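In: coords below, sequence missing:
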């Protein structure tokens, strides 16, 4: 009887990509027929534990009115997300150093670099002082109190304009097109030092 190797994969999974780079070699080495089995890991997780997805559908927003000093503390609340992204980027960087110098694993390096770079880009993106991004809370903090109602009115309607600007920028304007690649190259350049 011929040996069979079933490979269950999800195209959106980085783990699938890493396994994909080696699976054919493993099948050849064991003289096994490779059978490709696409699955949706998110759907599988949702079936096993639906509460994970239910909690994502109903996030608990911060009630700024419950803060002691809402204008000042709202800035700290908004900066918490980018701060966590920066910490996770630093963790990814440290794990990359581990993968380079200790385990010498290229696959680990790819995963940890993805962790670090994604979080670095998210932190920078969210710090842009444009509503509805977190960086806009800094602007909000320094606006005169009498201007806040107009600002809140603008902020509620800013998201479609923000997306329109992003589409126009990528298509025609090209403002800051080198910012993210330069930032990623800086981060990766620190690894090689």
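Out: Here it is on my side, so go on. This is a predicted model, so every value here is computed, not measured.
In: can you tell me how far the residue most central in space within the chain is from residue 30?
Out: For the chain, the residue nearest the mean C-alpha position is residue 118 (4.8 Å; Cα atoms, centre = their mean). Separation of residue 118 from residue 30 (Cβ to Cβ, to the nearest Å): 34 Å. All C-beta atoms are positioned from the backbone trio N, CA, C, and that covers glycine.
In: repeat for residue 147
Out: For residue 147, the distance to residue 30 - Cβ to Cβ - is 69 Å.
In: next SSE after the worst-scoring helix or strand of the chain on mean pLDDT?
Out: Counting by mean pLDDT, DSSP states H and E, the chain has its least confident helix or strand at helix 50-57, which shows a mean of 70. Next along the chain after helix 50-57, taking DSSP states H and E as the criterion, comes helix 70-98.
In: so which elements touch that following helix?
Out: The contact analysis (3 or more Cβ pairs under 8 Å, 6 or more residues apart in numbering; DSSP states H and E) places helix 70-98 against helix 106-126, helix 136-142, helix 179-191.
In: and the last one, what's buried?
Out: Neighbour counts over helix 179-191 (16 or more other Cβ atoms under 10 Å) mark residue 187 as buried.
In: got the domain boundaries for this structure?
Out: 3-52, 74-191 (automatic domain parsing).
In: any chance of those domains in TSV, plus distance to residue 67?
Out: Shown next, in TSV, are the domains of the chain (distance: least, Cβ to Cβ, whole Å):
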stretch	distance to residue 67
domain 3-52	29
domain 74-191	7
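In: and residue 64, which of those is closest to it?
Out: Set against residue 64 and scored by Cβ to Cβ, the domains of the chain come closest in domain 74-191, at 5.2 Å.
In: so how far is the closest one off the chain centroid?
Out: When distances are taken as Cα atoms, centre = their mean, to the nearest Å, domain 74-191 is centred 9 Å away from the chain's centroid.
In: mean confidence score for that domain?
Out: For domain 74-191, mean pLDDT is 87.
In: and the end-to-end length of it?
Out: 35 Å (Cα to Cα, to the nearest Å).
In: same deal with stretch 143-151?
Out: Termini of stretch 143-151 sit 9 Å apart (Cα to Cα).
In: report the buried residues of it.
Out: residue 151.
In: same check, this time on stretch 20-31
Out: Buried residues in stretch 20-31 (16+ other Cβ under 10 Å): 23, 27.
In: residues in contact with it?
Out: 3, 5, 7, 9, 33, 34, 107 (Cβ atoms under 8 Å, 6 or more residues apart in numbering).
In: ok, 7 Å please
Out: 3, 5, 7, 9, 34 (Cβ atoms under 7 Å, 6 or more residues apart in numbering).
In: chain center to it, what's the gap?
Out: 31 Å.
In: which residue is the nearest non-sequential neighbour of residue 88?
Out: Nearest in space to residue 88, with sequence neighbours left out and distances taken as Cβ to Cβ, 6 or more residues apart in numbering, is residue 119 at 4.1 Å.
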